[in-house]
Structures are given as structure tokens and as C-alpha cells.
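[1] I would like the atomic coordinates for the input below:
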Amino acid sequence: MMEPSMKTFIFLNSLNPDREIYSEHLSMTKEGGDKIICVNGGFLMARSLGILPDYVIGDLDSLEREMITGEFEVMQFPEEKDFSDFELGLQKALKMKTEKIFVYGALGGRKDHEIINIVIMAHCRVPVVFIERETEIHNIIDEIKLRVTRGCICSLVSFSGPCLVKEMRGFKYLLRNEFLEPYSRGLSNIASDEEIYVKVGQGNLIIIINSDKNKKEDPAAGLL
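    Take a look at the predicted model:
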């Protein structure tokens, strides 16, 4: 019998966390063998939701030592290090042979951190999803199929120079066997169906899904 794939959930520190969204997503998605990693202040956010992690990692400078006692492993790193908080959490998840990673709080902090978080996830060769209230970001490993709200705005962004998009389905504007450069051509596409599909031949591509139903169609749409 094939063993179920393991998922990892990473809590990062966020200045504006969507706690309700994180809690709801975790309760709907997490299964028995899945793991939770909290990085630095992400531990406080998880604790406020009544969630206990499997691992707490980082320099832990924002946490009182008595806070981080419990039935979880603590991995402390120097304050001066060559890795961001997200990268520390990601490295731990990859060492555990996880097959999919969900991240809470990746977009709620400083802008330089947000940008680096997106760059790191774009180059990861395991599926990574950033979860926020009105936005999901996915890296695309070969191909991706997602359930979305019809009419939502979806943007494709290349992070590796020319990215070969072999096939797209469920979008208003389509590419087939065309190269997407790291510019604005993939910006503001529209989901024409409740299921979208993208197949990539080469390159690092992410898809950003904006699910705010109150937003009107972006006037910049149609660049494809």
C-alpha cells in the first residue's frame, strides 16, 4: 500500500496575520502525519490559535525562553545568519521529505522579506503555497491544476528568464508552447472556469491568484 504524502505547514511572523484564514485552512487541510513548523514569531501566532507545532526554529530573539517549552523540538540559530526565516523553515521541511508546503504569514511583513519569500518559493522544486485572505501564490512544478472562483484575477510570473508555457486551460487568455519572459505579459489574466491548468516545459513559474470577489476586472488584463 502506498504511504500518504506528507505536508508541512510553516508559520512565519507577520505584521498583519490573517489568523482566521490560517486556522480554517489548517483544520481543513492537515492530516495525521503532517508536520507544523513555527519560525521565530510565527510560534506566537500559532499559539494564539491554540496550535502546537512539531518544531520551533530560528534565532528566537523575539520569544521568552519560558514560552517555548512543550512537546516540540526547538532548533535555535544565531541571530546573524545567512538565511531568512522562511528559508530556515523551508530547509527543515525539505529535510523531512515533505511533498507539499503551505506557508502562513509569508506576505504580511516587510516588503523586502515578502519579495525574498516569493523568490525562494519560485525556485523550490517542491510545491509551495502561500496562503493569505485574498491571495494564494503557488510555484508550478511541471504542471498545476487548481479550483478557483470563476472570474478571479490570476497572474503568471517567470523567475528564470524565458519560461516555456506548454499549455493553459480555464483562462480568458491562453498561451500554448510560448515563452513567458520575466516581464508583465502574464499579468492580470482572468479565470474563465472554476478549474485552471498550467503546464510548464522549462523555467521557474509562479501563479498568483487574487480571490477578492469585490474587485472589478483589472483594466490591464488582456496582455496575453
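[2] for Leu205, what are its contacts?
    122, 139-140, 156-160, 163, 165, 180, 198 (Cβ atoms under 8 Å, 6 or more residues apart in numbering). For the C-beta atoms, the positions are set from N, CA and C on the backbone; glycine is no exception.
[3] Among these, name the buried ones.
    122, 139-140, 156-159, 163, 165, 180, 198 (16 or more other Cβ atoms under 10 Å).
[4] rewinding a little: return the item of the contacts of Leu205 having minimum pLDDT.
    Across the contacts of Leu205, the bottom pLDDT score, 87, is held by Ser160.
[5] how about it, phi and psi?
    Backbone geometry at Ser160, expressed as degrees, to the nearest 10, gives phi -150, psi 40.
[6] where does this structure have its least confident helix or strand?
    strand 73-76 (a mean of 89; mean pLDDT, DSSP states H and E).
[7] from the buried ones among the contacts of Leu205, which single one is nearest Ser23?
    Nearest to Ser23 out of these is Asn139 (Cβ to Cβ; 23.9 Å).
[8] Which positions in the helix ranked longest in the chain come out as buried?
    In the chain, with assignment by DSSP state H, the single longest helix is helix 111-123. Residues 113, 116-118, 120-122 are the ones in helix 111-123 that count as buried (16+ other Cβ under 10 Å).
[9] With stretch 74-81 instead?
    Going by 16+ other Cβ under 10 Å, stretch 74-81 has these buried residues: Val74.
[10] Same check on stretch 201-211?
    203-211.
[11] Mean confidence (pLDDT) on that stretch, please.
    Stretch 201-211 shows an average pLDDT of 95 in the prediction.
[12] quick one: the strands in the protein?
    Using DSSP state E, the strands found in the chain span residues 7-11, 35-39, 55-58, 73-76, 100-104, 128-131, 135-140, 143-147, 153-158, 163-169, 178-180, 189-190, 195-202, 205-210.
[13] So what are the sheet partners of the last one and their directions?
    Spelled out, it's strand 205-210. strand 135-140 (antiparallel), strand 153-158 (antiparallel) (DSSP bridges).
[14] what's in contact with the first one?
    The list of residues contacting strand 135-140 from outside it, by Cβ under 8 Å, 6+ apart, reads 106-107, 118, 121-122, 124, 127-130, 144, 146, 198, 200, 204-211.
[15] go on, the last one?
    For strand 153-158, contacts defined as Cβ under 8 Å, 6+ apart pick out 122, 148, 165, 171, 180-182, 186-191, 196, 198, 203-210, 215, 217-218, 221.
[16] Give me the angle between that strand and strand 143-147.
    Our comparison of strand 153-158 with strand 143-147, counting by axes from the mean of the first three to the mean of the last three Cα atoms, to 10 degrees, yields an angle of 170 degrees.
[17] Just the CA coordinates for strand 153-158, please, in PDB.
    Extracted as PDB, the C-alpha positions of strand 153-158 are listed here (Å, rounded to 0.1, in the frame of the first residue of the first chain):
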ATOM      1  CA  ILE A 153      -7.600  37.500 -11.400                       C
ATOM      2  CA  CYS A 154      -4.600  35.200 -12.000                       C
ATOM      3  CA  SER A 155      -1.100  36.300 -12.800                       C
ATOM      4  CA  LEU A 156       1.700  34.200 -14.100                       C
ATOM      5  CA  VAL A 157       5.300  35.400 -13.400                       C
ATOM      6  CA  SER A 158       8.500  34.000 -14.600                       C
END
